[in-house]
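Visitor: Would you be able to build a 3D model of this:
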Amino acid sequence: VVRNNIRLKEEHGGRNVLRLETNVQHTIPKLMFVLLPLFAFYVSWFYSRKKYYYSQYAIFSIHFHCFYFLTMMVAVLAGRLTDSVWVSLGLPTIVFFLAFVYLVAALRRMFGQRRRWAFVKGFAITVLYVATIMLAFSGLMVWAFLRS
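Guide: Next up, the predicted model:
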C-alpha cells in the first residue's frame, strides 16, 4: 500500500485523489448491479413463509431501488442549486429516512403484514443492507486504491 501510494504521488502529483475518486465513481454502478439481487435475497429471507418466487422479490428490489435512486437524484440536483453545506448533508439524510418509510409501506402493501411487523422487518432489512453496502464500499475503496 505504501509503495503504491508513493508511486501514485510520483506519477500523478497531487491528482491521485482525483484518480481514486474517478475509479470509485466508475465502479459504483457495477457494485450496485451486484447488490441489487442481494437486497432481493434479504427480502426473500425475511418473507420466506410467503409463496413467492425469487423473481418477484427481484422485481420488488428493482422497484425499491428505482425509487431510491430517483429521490437521491432529486436531492443531489437540489443540493447543487444551493451552496449550503447543511442542504448538501441534510438532503441525503432526508432521502434515506424517506426511503425507509417507503420500504416499510411497500413491504406492508406487497406482503400484507401489519405495520408493526413491516416496520420491524423493514428495519432489519435496512440494517443488514446498509452493513452490506458499507462492507462493499470499503472493499471498493481498497480495490480502487490498489488499482490506481
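
Visitor: Might you report the residue contacts of the spatially most central residue of the chain?
Guide: The centre of the chain sits closest to I133, judged by C-alpha atoms, centre = their mean, with a distance of 5.9 Å. Applying C-beta atoms under 8 Å, 6 or more residues apart in numbering, we find I133 in contact with L35. (Glycine included, C-beta is placed from N, CA and C.)

Visitor: Distance check, it against A58.
Guide: 18 Å (C-beta to C-beta, to the nearest Å).

Visitor: Spell out which helix or strand contains A136, please.
Guide: Here A136, judged by DSSP states H and E, is contained in helix 115-147.

Visitor: list the buried ones in that helix?
Guide: Of the residues in helix 115-147, 118-119, 121-122, 125-126, 129, 136, 140, 144-145 count as buried by neighbour count, 16 or more other C-beta atoms under 10 Å.

Visitor: Can you find the helix or strand of this structure with the lowest average pLDDT?
Guide: Taking mean pLDDT, DSSP states H and E as the measure, the chain has helix 2-12 as its least confident helix or strand, at a mean of 66.
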